[in-house]
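In: predicted coordinates and the sequence they were generated for:
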Amino acid sequence: DLRLNQILSVIKAPYLLVDAAHLEIAKTLEYDGEIIVMEDIMNTPADEKILAERAATLTCTSPLYVIFTAGSTGKPKGVITSHLSLMTYIDSVCKVLDINDTDTMGNQSPLDYIAAVRDIYFPISKGASTFIIPKNEFAVPTELFGTLNREKITALCWSVAGVEIRVKVGAFD
């Protein structure tokens, strides 16, 4: 996958974590580091000393994750987000949306896209759930709305493009 190879070339990570189901795909990527299968390490006892050392160095501005831009200039660029930045954003979203532990958000965004951050972390902060809607369903409104109803989706934070046509044809009615 071209985008994955571009991202890997930017971050130059020494390790790539994959689940067993995606190991063969990972092996086809242009990656020089060590590939670690998550299932192989899930039952490994935690090294409490190393965890304590790492925890002692964390601050609110420590990096939490890197999200990559769309790469409109030809090569994706990584944007580092801190714990503080994420929590400030989530707190702001909380002030706008009235979501609680009975809600289920319908995720539209790919998980490597910035909008997915809201669909992942916001429900966690409120005790709510997120349902990842299969990408192919957005092209078939009957399937999309069947999923929204079946999964009891109560909240959507979609792009205007994700909602506009469906509103115009009365699909939300």
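Out: That came through fine. Fair warning: this is a prediction, and the values are worked out from it, not measured in the lab. Numbering: from 1, shown residues only.
In: going by C-alpha atoms from here, please, whenever you check contacts or count neighbours.
Out: OK.
In: what's the closest non-adjacent residue to the residue sitting nearest the centre point of the chain?
Out: Closest to where the C-alpha atoms of the chain average out (C-alpha atoms, centre = their mean) is Leu111, at 3.4 Å. Nearest residue to Leu111, sequence neighbours excluded (C-alpha to C-alpha, 6 or more residues apart in numbering): Val117, at 7.6 Å.
In: counting neighbours, what do you get for the one you found?
Out: 18 (other C-alpha atoms under 10 Å).
In: what of Asp119?
Out: Other residues lying near Asp119 total 25 when counted by other C-alpha under 10 Å.
In: what does the one 3 residues further on give?
Out: Burial of Phe122 is recorded as 25 neighbouring residues (other C-alpha under 10 Å).
In: so which strand or helix has it?
Out: Using DSSP states H and E, Phe122 maps to helix 114-126.
In: which elements pack onto that helix?
Out: Counting contacts by 3 or more C-alpha pairs under 8 Å, 6 or more residues apart in numbering; DSSP states H and E, helix 114-126 is packed against helix 83-96, strand 104-107, strand 129-132.
In: closest one to Trp158 among those?
Out: strand 104-107 (7.8 Å; C-alpha to C-alpha).
In: and the closest one, what other elements does it pack with?
Out: helix 114-126, strand 129-132, strand 155-156.
In: go with 7 Å
Out: Under the contact criterion of 3 or more C-alpha pairs under 7 Å, 6 or more residues apart in numbering; DSSP states H and E, strand 104-107 touches strand 129-132, strand 155-156.
In: winner for burial among the ones you listed?
Out: Burial of those is given as mean neighbour count (mean count of other C-alpha atoms under 10 Å); strand 129-132 ranks first at a mean of 19.
In: which residues are in contact with that strand?
Out: By C-alpha atoms under 7 Å, 6 or more residues apart in numbering, the residues outside strand 129-132 that reach it are 103-108, 119-120, 123.
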